[in-house]
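Asks: Kindly return the folded structure for what I paste below:
(2 chains)
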Amino acid sequence: MTLAEMQFQTPELRLASAEIFMLVMACLILMLDLFVKDRKRTVTFVATQLTLVGAAVVTFATTSGDIGYTFSNMYVGDLLGDVLKLLLYLTVIVVLFYSRGYILERPQMARGEYYALTLFATLGMMVMISANHFLTVYLGLELLSLSLYAMVAMNRDSVPATEAAMKYFVLGALASGLLLYGMSMIYGATGTLEITAVAERLYMGQVDRGILVFGLVFLVSGIAFKLGVVPFHMWIPDVYHGAPTAVTLFIATAPKLAAFAIVVRMLVNGLIVMAPDWQMMLILLSVLSMAIGNIAAIAQTNLKRMLAYSAISHMGFMLLGMVTGVANGDARFALNAYSSSMFYVVTYVLTSAGTFGMILLLARGGLESDELEDLKGLNKRSPWFAAMMMMMMFSMAGIPFFVGFFAKFSVLQAVVAAGYLWLALVAVFFSLIGCFYYLRVVKIMYFDQPTNSLPIIAPLDMKILMSANGLAVALLGIFPQALMSICAFALLRSL
Amino acid sequence: MEFKTFVFYFLSAILVFAALRVITSRNPVHAALFLVLAFFTASGVWLLLQAEFLAMALVLVYVGAVMVLFLFVVMMLDINLDRLREGFWGYLPMGAIIALLMVGEMGLVLGGNYLGLFESSVRQAGADESNVQAIGRLMFTEYVYPFELASVILLVGIVAAVALTQREKRKNKSVNPSQQVFVKARDRVRVLQMPAEKRD
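Replies: Numbers count the residues shown, from 1 in each chain, chains lettered A, B, ... in the order given. Purely as a prediction, here's the structure:
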């Protein structure tokens, strides 16, 4: 077949209408902001939020429940993608509400570009979620990362923020390099970059395993960098600590959903035949992350840094669900295992948003309040928000009848079902160590004397949202079934 | 050995050597020039693959534009790269050991002639097919989605650069024609009376 004879089908744009909408609106908001005189950028803010709501409507309206491919099979539209995207919009909306007050107090951040970059980062995550081609995975990832680097550096007078941005940029570039090298090796072995085609060629079995394993190592390393699991976690504490808290909140929440999506797309959809190989790698990463994340978090005095190590351990825990999909060549438990991972990541994002939101709620007058000491006696200053924070901490620690408990429970169930009893015991052991530093936060809030007795001033919308976030953590703990079945159903219809 | 294979190994050897010199040469201008050499030989490798348009684009864009700009910046900034990489020679033995170990391990994984250079299955393009046409057709049909995404990434790059470098509004230096036409002769020229001075 020569190129001239090649048939080209006009892509079906309806499938990708949410991405197109997001791109058009992001460009329009970039233009709109030029005409906004208001220093608070209220118009830009409202337009950004409306765009996210609009994208949710578009995604909801075009969802069909079937798997559809477009753009020469580079884009896949399925239920998993739609569910993750709806959760993504919701997360970004909440993140923007939480960070509104914080960025208004920092003139360098309270600019239209901040909102435009947020939308471009969201677009990057959407592209990652719907990628069916290694090239689009990479491009989505770069779109997300590039926006995030700029957002971290936006508060330019802050030396830690600039340093964090630099570290993030250099290590992120290294991770992209690893990922690309892995992809090129997989291309070398299979002759295609299209994820479903890679899976087909692997099934046929005329593929050189040597090169494939070689590429897989780099691919998994690149993913591990982006997820921030040990031994590729070095950037997480510095970036979480150094970045402006509003940006930390963003980095700590929404990209985790997209990272989960690319793990499913690349490893499960594309390389499931290689599962025994990548599962071994993920077990190693997961155990190391739970160990180092939980132990290093104990030594931290800064809340953001502590949560960074906690994020490392949580991502390790989430990977546990991914390693138990195929046991002894039997994929019976795959759906259960992957949906437990998805449930874990969704609930982690929910809890993480609330926790970083609380740091933003306490930060006032251009000052951060991200030290553990700043939480001293929070109960005396505001019993309601102390209770919210306590619920977040309980959920992260995995104490029963909060949502984090059920997330951990379902992952452990999948691990035991796949026959990895020792792995489950290791996970429980390190979670118990983790309880120490979460409960220490609760102790500081309830039993220490407050160092300042200023009441907490926050806009009403933030208070309402924070309460809703805390109550969601509690309610989902009592009724986890609905969200669990959504995760399972989305994966069932998409794998 | 076929002549083409010989040319490939010859170009690759120069490429690897130049790439090594980019990071080891002490003089930043030399490093930049070695990078030019690396690009140039890489374009030679592409010519071997019959991708003449890509080879030319590499020379024109990277060697002709990017590297010249880069050399210009290196010369303008007067960076003391020796100080930047003070530790380089100290760390080199340890780094080299680790790198050699990794290369060895990679070799073990891949084994002998796994890379399949000799049974290369690169499609040979017919003489009637233009390289530029093929790339253009693919870029705007099959690869239109990644192409558009790449352009969005460039846009984000611009937005980020502007957001990070521009602090406050620049002083506007444009002319205002409606005021310009009202200018009087005495606004433009001022005649000064100065006493004559004696030369000594």
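
Asks: do you know how far A:Met125 is from A:Ala337?
Replies: 23 Å (CB to CB, to the nearest Å). The C-beta positions use only the backbone N, C-alpha and C, and glycine is treated the same way.

Asks: how many neighbours does residue 46 have?
Replies: All of this is about chain A. 11 (other CB atoms under 10 Å in any protein chain shown).

Asks: Wait, chain B was what I had in mind.
Replies: 19.

Asks: host element of it?
Replies: Under the criterion of DSSP states H and E, B:Trp46 resides in helix B:28-48.

Asks: counting contacts, what elements does that helix pack onto?
Replies: Packing partners of helix B:28-48 (3 or more CB pairs under 8 Å, 6 or more residues apart in numbering or on different chains; DSSP states H and E): helix B:3-24, helix B:52-57, helix B:67-77.

Asks: looking at those helices, which is closest to A:Ser72?
Replies: helix B:52-57 (20.7 Å; CB to CB).

Asks: Let me see the domain layout of chain B.
Replies: Structural domains annotated on chain B: B:1-83, B:87-118, B:129-165, as defined by automatic domain parsing.

Asks: which stretch in the ones you listed has the least confidence?
Replies: Among the domains of chain B, domain B:87-118 has the lowest mean pLDDT, at a mean of 70.

Asks: count of neighbours near residue 198?
Replies: In the absence of a named chain, this looks at chain A. Neighbours of A:Val198 (other CB under 10 Å): 26.

Asks: try chain B instead
Replies: Neighbours of B:Lys198 using other CB under 10 Å come to 4.

Asks: ditto for B:Val132
Replies: 12.

Asks: My guess is A:Ile359 contacts A:Ser369. True?
Replies: Yes - here A:Ile359 reaches A:Ser369: they are 6.8 Å apart, a contact under CB atoms under 8 Å.

Asks: give me the number of residues near B:Ala99?
Replies: For B:Ala99, using other CB under 10 Å, the count is 11.

Asks: Give the helix, strand or coil label for it.
Replies: helix (DSSP: H, G, I helix; E, B strand; the rest coil).

Asks: Let me know the distance separating it from B:Pro93.
Replies: As judged by CB to CB, B:Ala99 and B:Pro93 stand 11 Å apart.

Asks: Identify the residues contacting the closest residue to A:Tyr69 other than its chain neighbours.
Replies: Once flanking residues are discounted, A:Tyr69 sits nearest to A:Val76: 5.5 Å by CB to CB, 6 or more residues apart in numbering or on different chains. A:Val76 makes contact with A:Ile67, A:Gly68, A:Tyr69, A:Ser130, A:Ala131, A:Asn132, A:Thr196, A:Arg265 under the criterion CB atoms under 8 Å, 6 or more residues apart in numbering or on different chains.

Asks: what about the strands in chain A?
Replies: Per DSSP state E, chain A has strands spanning A:68-70, A:75-77. These are given in chain order.

Asks: winner for burial among the ones you listed?
Replies: strand A:75-77 (a mean of 25; mean count of other CB atoms under 10 Å in any protein chain shown).

Asks: per-residue confidence for the residue nearest to A:Tyr69?
Replies: Taking A:Val76 on its own, its pLDDT is 93.

Asks: how much space between A:Ala397 and A:Leu423?
Replies: 20 Å.

Asks: let me fix that: A:Leu360
Replies: 36 Å.

Asks: Of the two, give the one with the bigger neighbour count.
Replies: A count of neighbours by other CB under 10 Å puts A:Leu360 above the other of A:Leu360 and A:Leu423, at 27 against 19.

Asks: I'd guessed the more buried one sits against A:Phe97; true?
Replies: No - using CB under 8 Å, A:Leu360 is not in contact with A:Phe97, being 9.9 Å away.

Asks: Near the closest residue to A:Ala424 other than its chain neighbours, how many other residues are there?
Replies: With CB to CB, 6+ apart as the criterion, A:Ala424 has its nearest non-adjacent residue at 4.6 Å, and that residue is A:Val415. A:Val415 has 27 neighbours, counted by other CB under 10 Å.

Asks: next one: A:Leu148
Replies: Count around A:Leu148 with other CB under 10 Å applied: 26.

Asks: Test my guess that it contacts A:Thr118.
Replies: No - applying CB under 8 Å as the test, A:Leu148 and A:Thr118 come out as separate, 9.7 Å apart.

Asks: which residues do those two both contact?
Replies: Shared contacts of A:Leu148 and A:Thr118, counting by CB under 8 Å, 6+ apart, come down to A:Phe250.

Asks: Give me the below-cutoff pLDDT ranges for chain A.
Replies: Chain A contains residues with pLDDT under 70 at A:1-7.

Asks: Please go through it and pick out the longest helix.
Replies: Assignment by DSSP state H gives helix A:159-190 as the longest helix of chain A.

Asks: now it, how far from the centre of its chain.
Replies: The chain centroid and the centroid of helix A:159-190 are separated by 17 Å under CA atoms, centre = their mean, to the nearest Å.

Asks: Does anything pack onto that helix? Which helices or strands?
Replies: So helix A:159-190, by 3+ CB pairs under 8 Å, 6+ apart, packs with helix A:134-153, helix A:195-204, helix A:209-227, helix A:235-242.

Asks: Flag every buried residue along it.
Replies: A:161-165, A:167-169, A:171-172, A:175-176, A:178-183, A:185-190 (16 or more other CB atoms under 10 Å in any protein chain shown).

Asks: which residue packs closest to A:Leu79, ignoring adjacent ones?
Replies: Excluding the flanking residues, the one nearest A:Leu79 by CB to CB, 6+ apart is A:Arg493, at 4.2 Å.

Asks: From the structure, what's the count of residues near that neighbour?
Replies: 16.

Asks: can you count the residues close to A:Asn155?
Replies: Per other CB under 10 Å, the neighbour tally for A:Asn155 reads 21.

Asks: quick one: contacts for A:Ala353?
Replies: Taking CB under 8 Å, 6+ apart as the test, what A:Ala353 contacts is A:Thr91, A:Val94, A:Val95, A:Tyr98, A:Leu249, A:Ala252, A:Thr253, A:Asn469.

Asks: Test my guess that the fifth one contacts A:Gly357.
Replies: Yes - A contact is recorded between A:Leu249 and A:Gly357 when judged using CB under 8 Å, the distance being 6.5 Å.

Asks: can you list residues touching both of the two?
Replies: Here A:Leu249 and A:Gly357 have A:Tyr98 as joint contacts, going by CB under 8 Å, 6+ apart.

Asks: ok, now which ones touch residue 189?
Replies: Here I'm looking at chain A. A:Val207, A:Asp208, A:Ile211, A:Leu212, A:Gly215.

Asks: surely B:Val45 meets B:Leu15?
Replies: Yes - counting by CB under 8 Å, B:Leu15 is a contact partner of B:Val45 at 7.1 Å.

Asks: circling back to that earlier point, and the strands of chain A as a markdown table, adding distance to A:Leu303?
Replies: Converted to a markdown table, these look like this (distance: least, CB to CB, whole Å):
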| stretch | distance to A:Leu303 |
| --- | --- |
| strand A:68-70 | 44 |
| strand A:75-77 | 39 |
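
Asks: Count residues in the vicinity of A:Thr347, would you?
Replies: A count of neighbours around A:Thr347, defined by other CB under 10 Å, yields 29.

Asks: out of A:Ile359 and A:Ser369, which sits in the busier spot?
Replies: Each of A:Ile359 and A:Ser369 has its neighbours counted (other CB under 10 Å); A:Ile359 has more, 24 against 18.

Asks: Could you measure from the more buried one over to chain B?
Replies: 24 Å (CB to the nearest CB, to the nearest Å).

Asks: For that residue, give its distance to A:Glu142.
Replies: 29 Å.

Asks: Please name the residues that touch B:His30.
Replies: B:Arg21.

Asks: typo on my end, it should be A:Arg381
Replies: A:Arg381 neighbours (CB under 8 Å, 6+ apart): A:Pro450, A:Ser453, A:Leu454, A:Pro455, A:Ile456.

Asks: I'd like to know which of those is nearest to B:Lys184.
Replies: Nearest to B:Lys184 among the contacts of A:Arg381, with distances taken as CB to CB, is A:Leu454, at 62.6 Å.
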